[in-house]
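Peer 1: What shape does this take:
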Amino acid sequence: MDFIRNFPMFSVVLSLFSGVLCTLLPGKKARIYTIAYECVLIAMAAAVLWFTVHTGASFTYVMGEFPAPWGNELRAGVLESAVALLFMSVMLCSVLAGKRYVDQDIDESKINLYYTILNLMTAAIMAMTWTNDIFSGYVFLEILTLTSCGILIVREIGRTTLAAVRYMILNLVGSGLFLLGVVLMYDITGNLLMVPMQHEIAMLYQDPGARVVLIMAAGIITIGLSIKSGLFPFHYWMPDTYGWATPTSASILSSLVSKCYIFLLIKIYWRVIGIDIFTKMPIRNIVFVLGLCGMIFGSVSAIRADNINRMVAFSSAAQIGYIYMGIGLGGIAGFTAAVFHIMAHAVTKSQLFLTTPRLAEISGNSLRFKNLQGCALKDPNAGLFFLLPSLSMIGIPIFAGFSSKLFFGMAAADNGGIKLILVMLTMAASSMLNALYFIRTLIRIYSPGDDREVRIPHRLDYNIPMFALTAGNLAMGLFSWIFVGAIQQGFTMFM
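Peer 2: Have a look, this model is predicted:
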């Protein structure tokens, strides 16, 4: 059983090895190998989750021989293993459901390089999920930035090149700010491991002079990761980035990459700064306000979008706002709602981005709303796979989106006062706006259009992962207390 303690390290090392191996394999074999090893990573994450739940304790894995507090460590608890399991499950579904579009959009000679980049990205996601030291978080954050640009630009059309350049510039700004914050934290604490940093910060925060520096460092880190994850007003890179990427890339970038940055930020708040000190910082209220603004402005931009991919992309900006609003609410309830929404949004948004290209194929390869009329009637499967996550985004009961909004409301009730009023009013307005643009789209795709018949093959390698994502959505909606219980247990282990 103790062998399971090695799995977090294995998941990172195996992903790095797989990235190198795929450069030597032809495209089809690289894809088959990627799918196989992602199944292994899912099994590892599930084993770690079972182990931490069964023992009721977290564990750390020390990498290298550097003595604390400067070493490199991985930490596994219920929260990290649950997030790793979800991330890898969504990654596998995205690779399976989007493989036909990878073959269409990418030159055959470069398909193996696409999976090479994807595997290096997986290594970064796993390392950022498991890391227990802030410098490793920065190193793999940079790897995640570069690989994100790689899976975007590999499509090699003019718009993806422009989108990749814009995405890289903004993300490098975010990375630079994050590094500056890490340097400041290290300069005043002398530590890199998360727990020793937290102990030092707890003592330094009592000094008014050091407190200013700590708040500034935490603020710089927050701004850096907010830019990278797309919090308002830094969200305008999303439509081109998600809209012009190949569907697999759009699914992974929207549902995993942006959420990985937020999860790292949550770990920093809890395990570096300390939740008690974070609650006292003005950053909490700033994040809360920007989250509320993102919920509204993202939805308004989605209404104004002229094609379905841009609408779904701007909708992602609104959902990022929900997560930051939960962080701003603070406490275990607020952070639990935020992490639950990370999970709910991951399965929902990936399904939407994997469905829109099928709707476009039926509509003459057009994503514009005026050309989508009746496409769901011509391909009922694609219509269903767009309908169900749309209902979740609106907040219809039995779906994950409804449970997520319910937990945000409960977290706001714990705060009471003006925050409760602001959250309830903003969620009501955002939900109405969500309903407006998703129902408008559903009416369009289910309204009878022309009689032109378009045949698209219905393959199990597309339908099975899409049904799996739907099942995950329904599971989080119908059995939300199981997920919330695991998340709260994970936060308790943080303390």
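
Peer 1: pLDDT below threshold where in the stretch 1-150 of the chain?
Peer 2: Counting by pLDDT under 70, the low-confidence segments of the stretch 1-150 of the chain come to 1, 64-71.

Peer 1: Can you list the residue ranges for helices in it?
Peer 2: Taking DSSP state H, counting those that start in this stretch to define them, one finds helices in the stretch 1-150 of the chain at 7-22, 27-55, 78-97, 99-105, 111-130, 134-153.

Peer 1: Please tabulate the ones you listed in a markdown table, including the columns mean neighbour count.
Peer 2: Backbone N, C-alpha and C define where each C-beta goes, glycine included. Converted to a markdown table, the helices of the stretch 1-150 of the chain look like this (neighbours: other CB atoms under 10 Å):
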| stretch | mean neighbour count |
| --- | --- |
| helix 7-22 | 21 |
| helix 27-55 | 18 |
| helix 78-97 | 25 |
| helix 99-105 | 18 |
| helix 111-130 | 25 |
| helix 134-153 | 21 |
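
Peer 1: Looking at these, which is nearest to Phe385?
Peer 2: Between Phe385 and the helices of the stretch 1-150 of the chain, the tightest spacing by CB to CB is seen for helix 78-97, at 9.2 Å.

Peer 1: Quick one: residues contacting Gln123.
Peer 2: Rather than Gln, residue 123 is Ala. Taking CB atoms under 8 Å, 6 or more residues apart in numbering as the definition of contact, the neighbours of Ala123 are 12, 15-16, 19, 140, 143.

Peer 1: And the pLDDT for Gly449?
Peer 2: As predicted, Gly449 sits at a pLDDT of 67.

Peer 1: and what of Phe385?
Peer 2: At Phe385 the predicted local confidence, pLDDT, stands at 89.

Peer 1: Would you quantify the distance from Ala43 to Gly77?
Peer 2: Distance, Ala43 to Gly77, using CB to CB, to the nearest Å: 19 Å.

Peer 1: Thr147 now?
Peer 2: When CB to CB is applied, the distance between Thr147 and Gly77 equals 26 Å.

Peer 1: and if you look at Thr129?
Peer 2: 11 Å.

Peer 1: the strands in this protein, which residues?
Peer 2: For the chain, strands defined by DSSP state E occupy the ranges 59-63, 72-76.

Peer 1: Let me have the helices of the stretch 1-150 of the chain in TSV, adding distance to Gly472 as columns.
Peer 2: Formatted as TSV, the helices of the stretch 1-150 of the chain follow (distance: least, CB to CB, whole Å):
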stretch	distance to Gly472
helix 7-22	20
helix 27-55	13
helix 78-97	7
helix 99-105	20
helix 111-130	18
helix 134-153	23
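
Peer 1: Of those, which is nearest Met393?
Peer 2: Closest approach to Met393 among those is made by helix 78-97 (16.0 Å; CB to CB).

Peer 1: May I have the closest one exported as CSV, CA atoms only?
Peer 2: Only the C-alpha atoms of helix 78-97 are listed here, as CSV (Å, rounded to 0.1, in the frame of the first residue of the first chain):
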residue,chain,number,x,y,z
VAL,A,78,-7.9,14.2,-0.9
LEU,A,79,-8.2,17.5,-2.7
GLU,A,80,-5.2,17.2,-4.9
SER,A,81,-5.9,13.6,-5.8
ALA,A,82,-9.6,14.4,-6.6
VAL,A,83,-8.6,17.3,-8.8
ALA,A,84,-5.9,15.2,-10.5
LEU,A,85,-8.4,12.4,-11.2
LEU,A,86,-11.0,14.9,-12.7
PHE,A,87,-8.3,16.7,-14.8
MET,A,88,-7.0,13.5,-16.3
SER,A,89,-10.5,12.1,-16.9
VAL,A,90,-11.4,15.3,-18.9
MET,A,91,-8.1,15.2,-20.7
LEU,A,92,-8.7,11.6,-21.8
CYS,A,93,-12.3,12.5,-23.0
SER,A,94,-11.0,15.5,-24.9
VAL,A,95,-8.3,13.4,-26.7
LEU,A,96,-10.7,10.7,-27.6
ALA,A,97,-13.6,12.9,-28.7
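
Peer 1: now that helix and strand 72-76, what's the angle there?
Peer 2: Orientation of helix 78-97 against strand 72-76 (axes from the mean of the first three to the mean of the last three CA atoms, to 10 degrees) gives an angle of 90 degrees.

Peer 1: and the angle from helix 78-97 to helix 111-130?
Peer 2: Orientation note: helix 78-97 sits at an angle of 170 degrees relative to helix 111-130 (the same axes, to 10 degrees).

Peer 1: Thank you kindly, that will do.
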